[in-house]
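**Student:** Any chance you could fold what I've pasted below:
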Amino acid sequence: MRSSSSMERAAEGRNNLSLLKLPPASPELNPVELLWRQLRQRYLANRCFKNDEDFMQACCQAWNGLTALPGTLHQLGTRSWATWEP
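**Tutor:** Have a look, this model is predicted:
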């Protein structure tokens, strides 16, 4: 997670929470960016949409398709280097 000063203050004194500071321009490390990349590559690339409703419907279909793939969301949100074991 990207850390701001408010997040640092919120994490102070919590032994069960560690902040992991990421470089400012690192989309490959951001799970949300990885999710959008998968949605674009698998479902939304090279398409034209008639209007906002058409785009929203395509996004919903893409999300449903992505979540139907076993383990995909877990894999996108998990990084082996970001785990901590005491």
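**Student:** show me the contacts for the residue minimising distance to the centre of the chain.
**Tutor:** In the chain, the centroid-proximal residue (Cα atoms, centre = their mean) is residue 32; its distance is 1.9 Å. Residues in contact with residue 32 (Cβ atoms under 8 Å, 6 or more residues apart in numbering): none are found. The way it works is simple: take the backbone N, C-alpha and C, and place the C-beta from them, glycine included.
**Student:** Next up, identify which helix or strand it is on.
**Tutor:** Taking DSSP states H and E as the criterion, residue 32 maps to helix 31-39.
**Student:** now swap in residue 13 and tell me
**Tutor:** Going by DSSP H and E, residue 13 is not in any helix or strand.
**Student:** Just the pLDDT at it, thanks.
**Tutor:** pLDDT recorded at residue 13 is 81.
**Student:** try residue 86
**Tutor:** In this model, residue 86 is scored at 59, pLDDT.
**Student:** Tell me where this protein is predicted with low confidence.
**Tutor:** Along the chain, the parts satisfying pLDDT under 70 run over 1-3, 81-86.
**Student:** longest helix of it?
**Tutor:** Assignment by DSSP state H gives helix 52-67 as the longest helix of the chain.
**Student:** And it, what does it pack against?
**Tutor:** Counting contacts by 3 or more Cβ pairs under 8 Å, 6 or more residues apart in numbering; DSSP states H and E, helix 52-67 packs against helix 31-39, helix 72-76.
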